[in-house]
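**Q** With the sequence up front, the predicted model follows.
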Amino acid sequence: MVATALTLETLASIDPATGLVRANFERTPVLQVPQLMQKAREAQTAWAKVPVKARCARIAILKTKILEARDRLADAVVAESGKPRVEAKFADVFVSLDTADYFAKNGPALLRADSITHHSTAAKFKSGTLYYEPLGVLGIISSWNYPLAIPMGQIIPALAAGNAVLCKASDFTPECGVLMEKLFRDAGFPEGLVTMLQGSGDVGQALIDAHPDKLFFTGSVFTGRHVAEACARQLIPSVLELGGKDAMVVLSDANVAVASSAAVWGSFTNCGQVCLSVERLFVEASVAEKFTRACVEKTQKLKLGPGQDPSAEIGPLIRPQHVQRMNELIADAVERGAKVLCGGRPRPDLGPNFYEPTVLTGVNSSMQLFRDETFGPILAIQVVRDADEAVCLANDTEFALAASIWTADNGRGQSLARQLRAGTVMVNDLLSGFAICEAPHGGSGLSGWGRTHGRAGLHEMVNVKYVDVDGLKGMQKPWWYRYGAELEKAADSFLNFEFGGGLASKVRHARGALKSMFRDHGF
C-alpha cells in the first residue's frame with residue numbers, strides 16, 4: 001500500500017486495485033457522537049408524527065435521487081470496494097433502488113394495524129389490535145463489501161417505520177457514506193434524521209455508548225462478539241449478521257451446465273467477499289467429474305482486472321492481508337490432501353490485492369477453508385455419496401446463514417431444503433435471496449441473530465404494541481377479588497367448560513361456569 005501523510009482527523013479512501021489513496025474524508029469526532037444522537041432524537045420525534053403514507057412518499061423521492069445518481073454511486077462503489085462495475089450496478093445500485101421502491105409502495109400496508117381475533121371464551125368480548133410503532137433512533141454499523149446495498153437495506157425500512165438512523169459506514173468505504181448522506185438530504189428528509197458516521201472501531205463504540213434504541217451490525221464474528229457484549233452491557237437490543245459458510249448441494253439429476261455456472265459465479269462474485277458466497281460445495285459422485293471439469297473450464301476463462309475495466313469479471317480483494325489469508329487457507333488445504341485444479345496464486349503484476357480464482361477438490365472438514373469463513377475467491381468441492389450425506393455435511397458447521405440445492409426435481413429440492421440448517425435455502429438459485437425485498441435475511445449460530453429485509457426485518461425496527469379494548473366495560477372480571485370456595489368451584493367448572501371436551505361437557509359445566517361471571521365481589 002502507498003503510504004501518505006494522514007492525520008487522525010481524516011479517513012483514507014483507498015483503491016483496492018492499486019493500493020493508492022484516492023482521497024481523504026473527515027472523520028466523525030468521537031466526542032461529537034452524543035450530540036448527533038441528540039439531534040437524531042429531536043428529528044425522530046417530529047418524523048414519527050408524519051403519517052406513514054407521507055413517510056413512504058418521501059422514500060419514493062429518494063428512489064428517484066438514487067436513480068439519478070446511479071453512475072456516481074457505481075463509481076464510488078467500484079473505487080472503494082474494487083468490484084466490477086456491472087456488479088456495482090446490479091448488487092448495490094439495483095438493491096438500493098428496489099428497497100426504496102418496495103417500501104415506498106408497500107410500507108403503509110406493512111405497518112397497518114392488525115386486528116386480533118381471540119379464541120378463548122374468556123376474551124370473546126375483547127377487541128385486540130397490534131400497532132407497529134417506531135423504536136426511536138437506530139444505530140447501524142455497516143460493512144464494506146456492499147457499501148450501498150447493506151446500509152440502504154436497513155436505513156430505508158427504518159425510516160418507513162418512523163425511526164431516525166445513525167449509521168457508521170465502513171472505514172474502507174468513506175466516500176460511499178458521504179454519498180448516501182447526500183441522497184437523503186437531496187430527497188428532502190429532515191436534518192438529523194439520517195446521519196452517516198465516519199471512522200473506525202472507536203466511532204462504532206461511541207455509537208453504542210450513545211445508547212441507540214437498537215443496533216444493527218454487519219461484519220465479522222470477531223467484531224460481532226464485541227458489539228454484542230457492548231450492547232448487552234447497556235441492554236441495547238441488537239441484530240447481528242456475522243457471515244456464513246454457505247453450502248451448495250449439487251444432486252445427480254441437476255443441470256450440470258447451469259449448476260456449474262452458478263457455482264463459479266456464487267464463489268467468485270465480488271472476489272468471493274460475500275457473506276452468502278458458496279464456500280462449501282457438495283456434489284454427488286455420479287456427476288462430480290463432469291461438474292468439476294465444467295467449473296474449472298469456466299473459471300479459467302474469467303478475466304481479472306480493476307473494476308473500472310468493463311471487461312473485468314474478478315476484481316481485487318479489499319486489502320493485502322486478505323491476499324495473505326488466501327495463501328494460508330490454500331496451503332493448509334493442500335497439506336491436508338486437497339488438490340488445486342486452477343488458480344491459487346496472487347497476481348502482483350495486476351496490483352497488490354489481486355488473487356486468481358481458485359478451484360480445489362478433495363477438501364474436507366479438517367481443512368481451515370471448510371471450517372472458517374473464507375471470504376475470498378475459492379471454490380472448494382467435496383464429493384459425496386448421496387443427498388443424505390450432503391445434507392449431513394452441509395449442517396456440520398457453526399454457521400447457518402444460507403444454502404442452495406440443485407436438482408431437476410423442485411419438490412425434492414424443497415424437501416431437502418427443510419432439512420438444511422440455514423436462514424435461507426434456495427432451490428436452483430443462489431445469493432439472490434438477499435435482493436428479494438420480501439425475503440428476510442439472517443441466520444443463527446455464528447451467523448448471528450435477528451433478521452433484516454422483508455416484514456420480519458421491518459418488525460425488528462418497531463415496537464409491536466398490543467391494545468386491548470374490553471367490550472364489557474361495566475362488569476367486574478370473574479377472576480378479580482374477592483376469592484373463596486365458591487369462586488374456586490366456579491373456576492373449576494369454567495375450566496371443564498372451556499377445555500373438557502365436546503358439547504356434552506360444555507352443557508354440563510355451563511351453569512357452574514356462569515357463576516364465576518355473575519357474582520357479588522363483596523366490595
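**A** Arrived safely.
**Q** Near Met196, how many other residues are there?
**A** The number of residues packed near Met196 is 23, by other Cβ atoms under 10 Å. In this view, the C-beta of every residue, glycine as well, is placed from N, C-alpha and C.
**Q** for it, which residues make a bridge with it?
**A** For Met196, the beta-bridge partners are Cys167 (DSSP bridges).
**Q** Go ahead and confirm it touches Ala169.
**A** Yes: using Cβ atoms under 8 Å, Met196 makes contact with Ala169 at a distance of 5.4 Å.
**Q** what touches both of those two?
**A** Overlap of the contact sets of Met196 and Ala169 (by Cβ atoms under 8 Å, 6 or more residues apart in numbering) consists of 177, 180.
**Q** Contacts for stretch 17-28, please.
**A** With contact meaning Cβ under 8 Å, 6+ apart, stretch 17-28 is reached by 1-2, 4, 6, 8-15, 36, 79-80, 82, 174-175, 177-178, 197-199, 203, 305-308, 315-316, 320, 350-354.
**Q** give me that answer again for 7 Å
**A** 1-2, 4, 6, 9-15, 79, 82, 174-175, 178, 197-199, 203, 306-307, 315-316, 351-353 (Cβ atoms under 7 Å, 6 or more residues apart in numbering).
**Q** Buried subset of these as a PyMOL selection?
**A** Buried residues among the contacts of stretch 17-28 (16 or more other Cβ atoms under 10 Å), as a PyMOL selection:
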select buried, resi 10+11+12+13+14+15+79+82+174+175+178+197+198+199+203+306+307+315+316+351+352+353
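**Q** In strands only, show me the contacts of stretch 17-28.
**A** Judged by DSSP state E, the subset of the contacts of stretch 17-28 located in strands is 10-14, 197.
**Q** which of those sit farthest apart?
**A** By the measure Cβ to Cβ, Ile14 and Leu197 form the most distant pair in the ones in strands among the contacts of stretch 17-28, at 19.0 Å.
**Q** closest to Ala113 among the ones in strands among the contacts of stretch 17-28?
**A** The shortest approach to Ala113 among those belongs to Leu197, at 33.7 Å (Cβ to Cβ).
**Q** So the closest one sits against Lys168, correct?
**A** Yes: taking contacts as Cβ atoms under 7 Å, Leu197 lies within contact range of Lys168: 4.2 Å.
**Q** Now for those two: what residues contact both?
**A** Common neighbours of Leu197 and Lys168, using Cβ under 7 Å, 6+ apart, are 203, 207.
**Q** Leu138 and His211 touch, don't they?
**A** No: the criterion here is Cβ under 7 Å, and Leu138 misses it with His211 at 11.8 Å.
**Q** Those two: which is more packed in?
**A** It is Leu138, of Leu138 and His211, that has more neighbours when counted by other Cβ under 10 Å, with 27 against 16.
**Q** looking at this, that one is in a strand?
**A** Yes: Leu138 forms part of a strand when assessed by DSSP: H, G, I helix; E, B strand; the rest coil.
**Q** contacting residues for it?
**A** Leu138 makes contact with 158, 163, 165, 212-214, 216, 461, according to Cβ under 7 Å, 6+ apart.
**Q** Quickly list what it is bridged to.
**A** Taking DSSP bridges as the rule, Leu138 bridges to Val165, Lys214.
**Q** From Leu36, how far out is it?
**A** Look at Leu138 and Leu36: by Cβ to Cβ, to the nearest Å, they are 13 Å apart.
**Q** Leaving out chain neighbours, which residue sits closest to Gly219?
**A** Distances taken as Cβ to Cβ, 6 or more residues apart in numbering place Ser143 nearest to Gly219, at 5.5 Å, with adjacent residues excluded.
**Q** Look at that neighbour and give its secondary structure.
**A** Counting by three-state DSSP, the backbone at Ser143 sits in coil.
**Q** Would you agree it is in contact with Phe216?
**A** No: using Cβ under 7 Å as the test, Ser143 is too far from Phe216 to be in contact (11.0 Å).
**Q** how about low-confidence regions in the stretch 1-150 of the chain?
**A** For the stretch 1-150 of the chain, the stretches with pLDDT under 70 are 1-8.
**Q** ranges for the strands of it?
**A** Under the criterion DSSP state E, counting those that start in this stretch, the stretch 1-150 of the chain contains strands at 10-14, 21-26, 114-116, 126-134, 137-141.
**Q** Ramachandran coordinates for Gln419?
**A** Dihedral angles of Gln419 (phi, psi; degrees, to the nearest 10) stand at phi -90, psi -10.
**Q** Can you name the residues that contact it?
**A** Residues counted as contacts of Gln419 (Cβ under 7 Å, 6+ apart) are Val391.
**Q** Next, format the ones in strands among the contacts of stretch 17-28 as a markdown table and append distance to Leu401.
**A** As requested, the ones in strands among the contacts of stretch 17-28 are exported to a markdown table (distance: Cβ to Cβ, whole Å):
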| residue | distance to Leu401 |
| --- | --- |
| Thr10 | 35 |
| Leu11 | 29 |
| Ala12 | 31 |
| Ser13 | 29 |
| Ile14 | 28 |
| Leu197 | 26 |
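**Q** what's the distance between Ser493 and Pro346?
**A** 80 Å.
**Q** Compare Ser143 and Phe216 (neighbour count), which wins?
**A** A count of neighbours by other Cβ under 10 Å puts Phe216 above the other of Ser143 and Phe216, at 29 against 23.
**Q** ok, residues contacting the helix or strand hosting the more buried one?
**A** Per DSSP states H and E: Phe216 is located in strand 214-218. Residues outside strand 214-218 that contact it (Cβ under 7 Å, 6+ apart): 135, 138-143, 150, 154, 208, 224, 227, 231, 236-241, 452.
**Q** Among those, which ones are in helices?
**A** Judged by DSSP state H, helices contain the following of the contacts of strand 214-218: 150, 154, 208, 224, 227, 231.
**Q** Check those residues against Leu401 and report the nearest one.
**A** For those, the nearest to Leu401 is Gly224 (12.6 Å; Cβ to Cβ).
**Q** who's in contact with the nearest residue to that closest one once chain neighbours are set aside?
**A** Distance criterion Cβ to Cβ, 6+ apart; nearest residue to Gly224, sequence neighbours excluded, is Leu242 at 4.3 Å. Leu242 makes contact with 219-221, 224, 446-448, according to Cβ under 7 Å, 6+ apart.
**Q** switch the cut-off to 8 Å
**A** For Leu242, the contact set (Cβ under 8 Å, 6+ apart) comprises 217, 219-221, 224, 446-448.
**Q** go on, Ile314?
**A** Counting by Cβ under 8 Å, 6+ apart, Ile314 touches 84, 268, 271, 302-305, 357, 377.
**Q** give me that answer again for 7 Å
**A** Per Cβ under 7 Å, 6+ apart, neighbours of Ile314: 268, 271, 302-304, 357, 377.
**Q** got a pLDDT number for it?
**A** Looking at Ile314, its pLDDT stands at 98.
**Q** One more: Leu503?
**A** We have a pLDDT of 89 for Leu503.
**Q** so how far is Phe497 from it?
**A** The spacing between Leu503 and Phe497, counted by Cβ to Cβ, is 11 Å.
**Q** Give me the more crowded residue out of those two.
**A** When neighbours are counted by other Cβ under 10 Å, Leu503 and Phe497 differ, and Phe497 comes out ahead with 21 against 7.
**Q** any idea whether that one is helix, strand or coil?
**A** helix.
**Q** could you pull out the strands for the stretch 351-500 of the chain?
**A** Assigned by DSSP E, counting those that start in this stretch, the strands in the stretch 351-500 of the chain fall at 358-361, 378-384, 399-400, 402-406, 424-427, 444-445, 448-449, 462-470.
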